[in-house]
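In: quick one: sequence plus predicted model below, questions after.
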Amino acid sequence: MIIIGRNQQSVDNMEKEGGLLADRPRTVAAGEFCLPFRRLRKATYIHLQAKAAEPYAPIQMDAARNVIFDIFDNPKEHQAVANHPRPPPWMLKRFQNLMRPGALLVERFPIIRYLPGYTTELEEWRREESQLFHDQLNRVLKEFTRLAVAIMVVVTAAACYPKAQEKVQEELDTVIGRDRCRSTSPTLDDYAFMLECLRWRPVTTLGFAHCALTDIPYFDPEKWLDSDGKIREDLKFPSYGFGRRICPGQHIANHSIFIKLALLLWSFNITQDPENPIDQSGFVDGVIAHPKHFAARFEPRFGDDVPLGAVMAKYGEGL
């Protein structure tokens, strides 16, 4: 096992030597770097690269608007709103179990795959998941879950760090005003806030838990900005992986997070419930970590002159 502790070293090793480091140990859930994988990867990249992801923006914006409406109508259920739609619970549980190293004995002793009856359960899983694939071709298990958790983390961070939230809101008000909803690209502070959310509470597991005498909690989106206020090019966050194993859907995922983050912070002041403060370390462990249930208050940032519902009803027209 090799542990890399510096960002630049990770980029140098995993990107520049990506051709040599793209393979995986033998696992049932994550296959080797074989010809079928390369073919699927190429086909996926064509439709999900940065330029090809742009036409999805109107769909993503419409979904983001629905999130704002749902939270406005029922703020206590904000986590359920962010987590809709979600994959079947049995599939999530199965995926999390399979992603544990050594989850199946056949990973350590490949020869037992030839024992009569050993693969019966795996074959049944294949039939079930093939049926699910054909029934819901347009749904991708991990990305739905990751995006939902990312939005929950955004809400948590906004409630726990009001000064960082206010800075993003100031820039949003300066760039697009208070009388119309945004339909443009995210601002630099939006981007920095999103990157800091992913660093603060990573959606995907990055390794074994650390042990420290005390936690040192901090949340500082400005670390992602250089002296000119632009996004730093020397920092790359590893949420989506490296090299030939990097997540092909990263551009669509980032755009979805950007849009929802901006709409949430433009529409609401998000605060903690004084009677039920948020536990910042209250996350459920798993392949995809997610916050435990928490309470947050959503106060619309509009007065009677500019009602939120009226502005949002026209949002996205002409896109």
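Out: That came through fine. Source: prediction; values computed, not measured.
In: I'd like the secondary structure assignment at residue 117, please.
Out: Assigned with DSSP: H, G, I helix; E, B strand; the rest coil, residue 117 falls in the coil class.
In: number of residues surrounding it?
Out: 6 (other C-beta atoms under 10 Å). From N, CA and C alone the C-beta is placed, and that goes for glycine too.
In: repeat for residue 246
Out: 18.
In: residue 198: what's its closest spatial neighbour, skipping adjacent residues?
Out: Nearest non-adjacent residue to residue 198, counting by C-beta to C-beta, 6 or more residues apart in numbering: residue 239, 5.1 Å away.
In: nope, residue 165 is what I meant
Out: Computed as C-beta to C-beta, 6+ apart, the closest residue to residue 165 that is not its neighbour in sequence is residue 158, at 4.4 Å.
In: backbone phi and psi for the one you found, please?
Out: Main-chain dihedrals, residue 158, degrees, to the nearest 10: phi -60, psi -40.
In: swap in residue 62?
Out: Dihedral angles for residue 62 - degrees, to the nearest 10 - are phi -60, psi -40.
In: next one: residue 248
Out: With angles defined as degrees, to the nearest 10, residue 248 sits at phi -70, psi -20.
In: ok, now which ones touch it?
Out: Taking C-beta atoms under 8 Å, 6 or more residues apart in numbering, we find residue 248 in contact with 41, 44-45, 48-49.
In: what do you get if the cut-off is 10 Å, keeping everything else the same?
Out: The contact partners of residue 248, by C-beta atoms under 10 Å, 6 or more residues apart in numbering, come to 40-49, 240-241.
In: can you give me the helices in the chain?
Out: Under the criterion DSSP state H, the chain contains helices at 7-16, 35-48, 50-53, 57-73, 78-82, 89-98, 105-108, 120-135, 141-160, 162-176, 188-200, 250-267, 308-313.
In: of the contacts of residue 248, buried ones?
Out: 48, 240 (16 or more other C-beta atoms under 10 Å).
In: kindly reformat the contacts of residue 248 as a markdown table containing pLDDT and distance to residue 56.
Out: A markdown table is the format used below for these (pLDDT from 0 to 100; distance: C-beta to C-beta, whole Å):
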| residue | pLDDT | distance to residue 56 |
| --- | --- | --- |
| 40 | 79 | 20 |
| 41 | 78 | 19 |
| 42 | 80 | 20 |
| 43 | 80 | 17 |
| 44 | 80 | 14 |
| 45 | 78 | 15 |
| 46 | 79 | 14 |
| 47 | 78 | 10 |
| 48 | 80 | 9 |
| 49 | 80 | 12 |
| 240 | 76 | 17 |
| 241 | 74 | 21 |
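In: pretty sure the residue nearest to residue 198 contacts residue 147?
Out: No: look at residue 239 against residue 147 with C-beta atoms under 10 Å: they stay out of range, at 11.9 Å.
In: more neighbours: these two, which one.
Out: Between residue 239 and residue 147, residue 147 has the larger neighbour count (other C-beta under 10 Å), namely 23 against 19.
In: for the more buried one, which non-adjacent residue is spatially closest?
Out: Spatial nearest neighbour of residue 147, excluding adjacent residues (C-beta to C-beta, 6+ apart): residue 256 at 5.4 Å.
In: give me the number of residues near that neighbour?
Out: Around residue 256 there are 24 residues (other C-beta under 10 Å).
In: please shift the residue numbers so they start at 18 in all later answers.
Out: With 18 as the first residue, the last one maps to residue 273.
In: state the distance from it to residue 279.
Out: Distance from residue 273 to residue 279, counting by C-beta to C-beta, to the nearest Å: 11 Å.
In: residues shared between the contacts of these two?
Out: With C-beta under 10 Å, 6+ apart, residue 273 and residue 279 have common neighbours residue 81.
In: how about the residue nearest to residue 164, what does it touch?
Out: 70, 73-74, 76-78, 80-81, 160, 163-164, 167-168, 266.
In: which ChimeraX command selects the buried ones in these?
Out: Per 16+ other C-beta under 10 Å, the buried members of those correspond to this ChimeraX selection:
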select :70,74,77,78,81,163,164,167,168,266
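In: of the contacts of residue 273, just say which sits nearest to residue 29.
Out: Distance to residue 29, by C-beta to C-beta, is smallest for residue 266 among the contacts of residue 273, at 24.7 Å.
In: quick check: the closest one touching residue 65?
Out: Yes: between residue 266 and residue 65 a contact is recorded at 5.2 Å, counting by C-beta under 10 Å.
In: the helices of the chain: lowest mean pLDDT?
Out: Out of the helices of the chain, helix 325-330 stands lowest, with a mean of 64 (criterion: mean pLDDT).
In: picking that back up, state the distance from the residue nearest to residue 215 to residue 266.
Out: 12 Å.
In: mind giving me the domain split of the chain?
Out: Domain ranges of the chain: 74-97+157-336, 105-155, per automatic domain parsing.
In: quick one: contacts of stretch 293-300?
Out: Outside stretch 293-300, the residues touching it (C-beta under 10 Å, 6+ apart) are 166, 169-170, 172-174, 176-178, 217-219, 232, 234, 236, 288-289, 306-313.
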